[in-house]
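Enquirer: Build the 3D model from these lines:
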Amino acid sequence: MTTAPYPNARFRRLKSSAALRALSAENTLSVSDLIWPVFVRDGEGQREPVNSMPGVDRLSVDLLVEAAREAADLGIPAICIFPYTDPRLKTQLCEEAWSPDNLSNQAIRAIKSAVPDIAVMTDVALDPYNINGHDGIVRDGIIVNDETVEALVKMALAQADSGADILGPSDMMDGRIGAMRRALEAAGHQNVTIMSYSAKYASAFYGPFRDAVGATGALTGDKKTYQLNPANSNEALRLVERDLSEGADMVMVKPGLPYLDICRRVKDRFGVPTYAYQVSGEYAMIQAAAAQGWIDGAQVMQESLMAFKRAGCDGVLTYFAPSMARVLKG
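Expert: Got it, this is the predicted structure:
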């Protein structure tokens, strides 16, 4: 790559007007790049703020349907459902996870009935239903892998039966993608897609999310025996390769901004649909700083989301999705 010497080359020429900046932009962000994570709770007409995530609410199913209509009207192509489960329903074996009438499955059916064109993504992990707060079943202080996978398969099938379009296995157990794909094929769910949380790091950025789903107080220990070590990047590529070989259609890196290098490596190496999750801690930091007047929240929102596109992502899960969509639609 060569550049003419100054003054033949003046980099400021292409920055001199909004029109020229738009024409020379290397990346663009559109509404179709956004997936909106939402939280569902029990009851009717219930809207409960998540204190650690300003602007984010837990919604009862009826209000979640209205949120899905809003998303569709804004052009957002997909929402992702996370349940706030009544603590009385949490058990050691997490049986509520595959109940046809759990909150997630109720929400899937209600949204697909009322707003059929929006894609509904789900979370496949046991932590919202686990009395121990872990993504897997705990035996004698150990998160057991294969028994957890069996439970996750039942959970995935219940979500597919309810009408989910995209399953999001976020548990990081070994072998779960292959097991889910085989079960989906056998059950006639050939068109249900899997966006695997392939590179999910053991991160401190998840704190507000755990508040939102009610897992903070329940969690015993940490998740370092199954989530990725933040020091590792080559391992992330091996995990992505494994999940793709087992039948994942799309892959995700989580968290987002602290792991843009992983997003770029995944996209360059595999060329598959690659997503990032701008997680609760990232969102909360931007909102908190904006509330103090230390940053321009709207500008930082846009800049942070563009970073994912620049890093090679095809889209991003973000709590800013409605706000960003309104900006993009003018």
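
Enquirer: what comes up buried for the helix or strand of the chain with the lowest mean pLDDT?
Expert: Ranking every helix and strand in the chain by mean pLDDT, DSSP states H and E puts helix 207-213 at the bottom, with a mean of 85. For helix 207-213, the buried set under the neighbour-count rule, 16 or more other CB atoms under 10 Å, comprises 208-213. For the C-beta atoms, the positions are set from N, CA and C on the backbone; glycine is no exception.

Enquirer: Stretch 141-157 now?
Expert: Going by 16+ other CB under 10 Å, stretch 141-157 has these buried residues: 143, 145, 148-149, 151-153, 155-157.

Enquirer: can you check stretch 49-65 too?
Expert: For stretch 49-65, by 16+ other CB under 10 Å, it's 50, 52-54, 56-61, 63-65.

Enquirer: Touching that stretch from outside, list them.
Expert: Residues from elsewhere that reach stretch 49-65 (CB atoms under 8 Å, 6 or more residues apart in numbering): 38-48, 67, 81, 84, 103, 106-107, 110-111, 114-115, 207-209, 211-212, 280, 283-284, 287-288, 291, 319, 323.

Enquirer: same deal with stretch 289-300?
Expert: 54, 286-287, 323, 327.

Enquirer: run the last query once more with 10 Å
Expert: For stretch 289-300, contacts defined as CB atoms under 10 Å, 6 or more residues apart in numbering pick out 54, 285-288, 301-303, 320, 323-324, 327.

Enquirer: first to last residue in it, what's the distance?
Expert: 10 Å (CA to CA, to the nearest Å).

Enquirer: so where is the protein shaky, pLDDT-wise?
Expert: 215-217 (pLDDT under 70).

Enquirer: quick one, strands of it?
Expert: Here the chain has its strands, by DSSP state E, at 34-41, 47-49, 57-60, 78-83, 119-124, 138-139, 142-143, 166-169, 193-200, 250-254, 274-278, 315-318.

Enquirer: So which of the contacts of stretch 289-300 sit within helices?
Expert: 285-288, 301-303, 323-324, 327 (DSSP state H).

Enquirer: how far away is residue 265 from residue 152?
Expert: Distance, residue 265 to residue 152, using CB to CB, to the nearest Å: 27 Å.

Enquirer: Sorry, wrong one. I was asking about residue 251.
Expert: 17 Å.

Enquirer: Same question for residue 206.
Expert: The spacing between residue 206 and residue 152, counted by CB to CB, is 19 Å.

Enquirer: With residue 268 instead?
Expert: 30 Å.

Enquirer: same check, this time on residue 322
Expert: 30 Å.

Enquirer: Could you do residue 267 as well?
Expert: From residue 267 to residue 152 the distance is 27 Å (CB to CB).

Enquirer: and residue 174, what does it touch?
Expert: With CB under 10 Å, 6+ apart, residue 174 has these contacts: 145-146, 148-149, 226, 239, 242.
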